[in-house]
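[1] pasted the sequence and its predicted model underneath.
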2 protein chains.
Amino acid sequence: MRQSQLFTRTRKEAPKDEVAKNAQLLIRAGYVHKEMAGVYAYLPLGLRVLEKIKQIVREEMNKVGGQEIIMTALQRKELWEKTDRWDDRNVDVWFKSELKSGGEVGFGWSHEEPITDMMTNFLSSHRDLPAYVYQFQTKMRNELRAKSGIMRGREFVMKDMYSYTKNADEHKKIYDATIDAYLRVFERVGLGDRTFLTFASGGAFTEFSHEFQTLSDVGEDVVYLHREKKIAINQEVLRDDVLTKLGIARDELEEVKSIETGNIFDFGGMKSEQLGLFYTNEEGEKTPVHLGSYGIGITRLMGAIVEIFSDEKGIIWPKEVAPYNVHLVSITSGNADVEKEADRVYEMLRESGIEVFYDDRDLRAGEKFADADLIGIPLRLVVSEKTIAAGGFELTIHQLAERQGKGTLVAESDIIETLHDA
Amino acid sequence: MRQSQLFTRTRKEAPKDEVAKNAQLLIRAGYVHKEMAGVYAYLPLGLRVLEKIKQIVREEMNKVGGQEIIMTALQRKELWEKTDRWDDRNVDVWFKSELKSGGEVGFGWSHEEPITDMMTNFLSSHRDLPAYVYQFQTKMRNELRAKSGIMRGREFVMKDMYSYTKNADEHKKIYDATIDAYLRVFERVGLGDRTFLTFASGGAFTEFSHEFQTLSDVGEDVVYLHREKKIAINQEVLRDDVLTKLGIARDELEEVKSIETGNIFDFGGMKSEQLGLFYTNEEGEKTPVHLGSYGIGITRLMGAIVEIFSDEKGIIWPKEVAPYNVHLVSITSGNADVEKEADRVYEMLRESGIEVFYDDRDLRAGEKFADADLIGIPLRLVVSEKTIAAGGFELTIHQLAERQGKGTLVAESDIIETLHDA
């Protein structure tokens, strides 16, 4: 993509009413547009990041056998009444509206109910189990306050997976496989070393549920971290009996702020009973299907990445989620030969299958570099009179706490390999 | 994908309340699930078809310079009041709700207003124009009746593109390029020879707007078709002066039923004036930006394809939008060697980059073929004792009005090439 063609542009200031750093940076760099508090549109660069995160999650969900579907935003009142989650006294984030044809309709803030109800069409025998389905869905939640940028939205994208199994044993296998899949997701998006499996309070069927907490000073949560064991404990379950069970002494724990980036939950057979999802087991008995649910907030994950991978100059994306593989910057100083050479490099890189964001704008070097710092593609390649004279291109690799001023000269013959390996 | 693993299954009957053929077939074959009237979830096979259609549209929109974004479902009242489209007396398909923090919020049934408002952040000079943006958005419309299956939903996916240009001349160029792009889309999804550019009544700025109408007996529209000239005329503009202008005699026209699968519209500078989107022209004058909007109903297109490409046995997808490239069917008759051979063929095809749906289920041939007919992947490859003895596989290519009973034997050495060329 030529930057001169991109309709968005960077801006010096974020809107005054935007208080979250993630949204401030994303708006200034042209990734998102704020429609209203907690409601953001994704512009070309932002949509690319979002799709990269989704693709990583998709690959890992497919690996554990997940089948992708897409449910609906509109929700039937009757269905949610069966589980007693329609009433605003029980669920306080519903958006509801009136149907022209009569009756009320809700907008999906979660999807356990409709997915489980749908499954009654497909699951009836032990031979149909296990089944796991997932979706990337736009959820709508009528939050009273929305001040965390894209980390807690009124409208946001979530990956939610649901597992349907015969019993607790079969459930446990999928549950554990999904924990591993989640850890791979956090590793791949660059949050691996600061994201921890966290013990939280369980429901009616299990002692614990599990969260994934990503350490960050802007986190709304507080957890107690055992760095060595790579686990954390939620405040609700910070009790002596739990510590004993986990083999942890209280003074080994570190109190830290964190962002909940994922959660997994065991519903047992409860929802299936309420919604009429039963299967016939090997003995011919009618048995409720065991339900597990597994969420990752996709837009929240993007926001958390920005909170963590940014400095005073802008964002520095982890490589796998950057909107483009490389930011090519031409410094022409009015020299048409440099422009021609940069154009040639742009085409050459694209033909090699590299995703290139090409700053071909007629601007001073300082402005171009400031924009590149704000936008934050970690690999930057400069073409200028100087680099042409030296017979190559200047490559800088930006990392958190390691902004590069001066780059390395890479010869044209090495550039593709160098970019692939970087 | 192994069919034995897919959680959906075919069913003999559609739900009794489902009256549209497209939804009946899609539900029976396991492509969609009906959540409520006009509201459908997309199951694994259905999501694949949807994504294939979206990808075709995406490629054609990118070719004319479109930049993909994604706006929001939640809509600000103040914005739509500026164009007098908030009031239910003017727009009768709004879903609206109350914000917990106070005030009303709407759910997007269209997006000209928020996109144009957003553009005030980016477009201010003649140097910023033209700009074209598009999105694939889930639209919500509070329709009184919804009886056309996925062809007219309360919740549906639309590709909407918006062009921002300096003036009518620049607009005309993009408008014409987009007409060509739309014709390529219809060609690629298999509807080329029955989709016609149609003259409809214009707005305040143009004599005509344009629709794309796809001939079908279940269409809700009636148009007057000139087959030779490949254009149609909408009832509203079937007047002598229009016929004269288009050089058409009334008796050359054929009255036909059709489905509106696309539309394009010229708003002139009106909306930009209402929403405050101005640019400074070469002479330094503040000028409203010229807006065009271009829609294709993605889910409607999928429904139209099913209405047209189906017979009493099921669906027969056009090749480019089929959920998989080939349906591999094993007829093992209890012979484990056949199963092993079919497994091998499955892996071989996948390794060659072919998308394979593999019916590895332990069922009678008749049941498997009936399901394959219903699901409608046009290329079908059978592995059986007979084909193994003959040293190859049996290939059938299903087309509308040309269901094949008997196939052609293709040798293993030719199979990849044959499938690619089919």
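    Okay, I see it.
[2] quick check: residue A:371 is in a helix.
    Yes: Residue A:371: assigned to a helix according to DSSP: H, G, I helix; E, B strand; the rest coil.
[3] thought it was touching residue A:10?
    Yes: if you go by Cβ atoms under 8 Å, residue A:371 and residue A:10 touch, sitting 5.0 Å apart. All C-beta atoms are positioned from the backbone trio N, CA, C, and that covers glycine.
[4] once you drop chain neighbours, what's closest to residue A:261?
    Excluding the flanking residues, the one nearest residue A:261 by Cβ to Cβ, 6 or more residues apart in numbering or on different chains is residue A:214, at 4.7 Å.
[5] what about that neighbour, how many residues nearby?
    Residue A:214 is flanked by 25 other residues according to other Cβ atoms under 10 Å in any protein chain shown.
[6] which residues touch it?
    A:186, A:191, A:194, A:195, A:196, A:258, A:259, A:260, A:261, A:304, A:308 (Cβ atoms under 8 Å, 6 or more residues apart in numbering or on different chains).
[7] so which of those are in strands?
    A:195, A:196, A:258, A:259, A:260, A:261 (DSSP state E).
[8] reformat those residues as TSV; add neighbour count and pLDDT.
    Putting these into TSV (neighbours: other Cβ atoms under 10 Å in any protein chain shown; pLDDT from 0 to 100) gives the following:
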residue	neighbour count	pLDDT
A:195	26	97
A:196	24	97
A:258	26	97
A:259	27	97
A:260	22	96
A:261	27	97
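[9] show me which of those residues is closest to residue A:34.
    residue A:259 (20.0 Å; Cβ to Cβ).
[10] look up how far chain B lies from that closest one.
    22 Å (Cβ to the nearest Cβ, to the nearest Å).
[11] helix, strand or coil for the residue nearest to that residue when sequence neighbours are not counted?
    Residue nearest to residue A:259 in three dimensions, not counting chain neighbours: residue A:219, with 4.3 Å by Cβ to Cβ, 6+ apart. Following three-state DSSP, residue A:219 is assigned to coil.
[12] OK, contacts around residue A:219?
    A:213, A:256, A:257, A:258, A:259, A:260.
[13] which helix or strand lies directly C-terminal to the helix or strand the first one falls within?
    Element membership for residue A:213, per DSSP states H and E: strand A:208-215. Proceeding N to C from strand A:208-215, the next assigned helix or strand is strand A:221-226, under DSSP H and E.
[14] give me phi/psi at the residue nearest to residue A:259?
    phi -60, psi 150 (degrees, to the nearest 10).
[15] now do residue A:172
    Main-chain torsions, residue A:172, degrees, to the nearest 10: phi -60, psi -40.
[16] do residue A:296 as well
    Dihedral pair for residue A:296: phi -130, psi 120, per degrees, to the nearest 10.
[17] from residue B:170, how far out is it?
    44 Å (Cβ to Cβ, to the nearest Å).
[18] when these two are compared, which one has more neighbours?
    Taking neighbours as other Cβ under 10 Å, residue A:296 and residue B:170 compare with residue A:296 leading, 28 against 16.
[19] what's near enough to touch the closest residue in space to residue A:235 that isn't next to it in sequence?
    Leaving aside its sequence neighbours, residue A:235 sits nearest to residue A:222 (Cβ to Cβ, 6+ apart; 5.9 Å). Residue A:222 is in contact with A:235, A:255, A:256, A:257, A:258, counting by Cβ under 8 Å, 6+ apart.
[20] isn't the first one right next to residue A:242, touching?
    It stands for residue A:235. No: contact between residue A:235 and residue A:242 fails when scored by Cβ under 8 Å: they sit 11.3 Å apart.
[21] more neighbours: those two, which one.
    Ranked by neighbour count (other Cβ under 10 Å), residue A:235 and residue A:242 place residue A:242 first, with 17 against 12.
[22] list of residues touching the host helix or strand of the more buried one?
    Using DSSP H and E, the element containing residue A:242 is helix A:240-246. Residues external to helix A:240-246 that are found in contact with it (Cβ under 8 Å, 6+ apart): A:199, A:229, A:231, A:233, A:249, A:250.
[23] of those residues, just the buried ones, PyMOL syntax please.
    The PyMOL command for the buried members of the contacts of helix A:240-246 (criterion: 16 or more other Cβ atoms under 10 Å in any protein chain shown) is given here:
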select buried, chain A and resi 199+231+233
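[24] re earlier: what's the angle from the strand holding residue A:213 to strand A:221-226?
    100 degrees (axes from the mean of the first three to the mean of the last three Cα atoms, to 10 degrees).
[25] any idea how far the residue nearest to residue A:259 lies from residue A:192?
    In terms of Cβ to Cβ, residue A:219 sits 17 Å off from residue A:192.
[26] now residue A:32
    From residue A:32 across to residue A:192, the span is 25 Å (Cβ to Cβ).
[27] more crowded one of these two?
    Set side by side, residue A:32 and residue A:192 show more neighbours around residue A:32, with 28 against 14, by other Cβ under 10 Å.
[28] how close does that one get to residue A:213?
    In terms of Cβ to Cβ, residue A:32 sits 24 Å off from residue A:213.
[29] which stretches of the stretch 301-422 of chain A form helices?
    A:336-351, A:365-375, A:385-390, A:412-421 (DSSP state H, counting those that start in this stretch).
[30] which of these sits most buried?
    Mean neighbour count (mean count of other Cβ atoms under 10 Å in any protein chain shown) peaks for helix A:365-375 among these, with a mean of 18.
[31] quick one: that helix near chain B?
    No: using Cβ under 8 Å from any Cβ of the partner chain, we find that helix A:365-375 stays clear of chain B, coming within 14.4 Å at best.
[32] shaky segments in the stretch 301-422 of chain A?
    A:405 (pLDDT under 70).
[33] paired strands for the host helix or strand of residue A:160, with orientation please.
    Taking DSSP H and E as the criterion, residue A:160 maps to strand A:155-165. Take DSSP bridges as the rule and strand A:155-165 pairs in its sheet with strand A:131-140 (antiparallel), strand A:290-297 (antiparallel).
[34] rounded mean pLDDT for the last one, please.
    Along strand A:290-297, the predicted local confidence has a mean pLDDT of 97.
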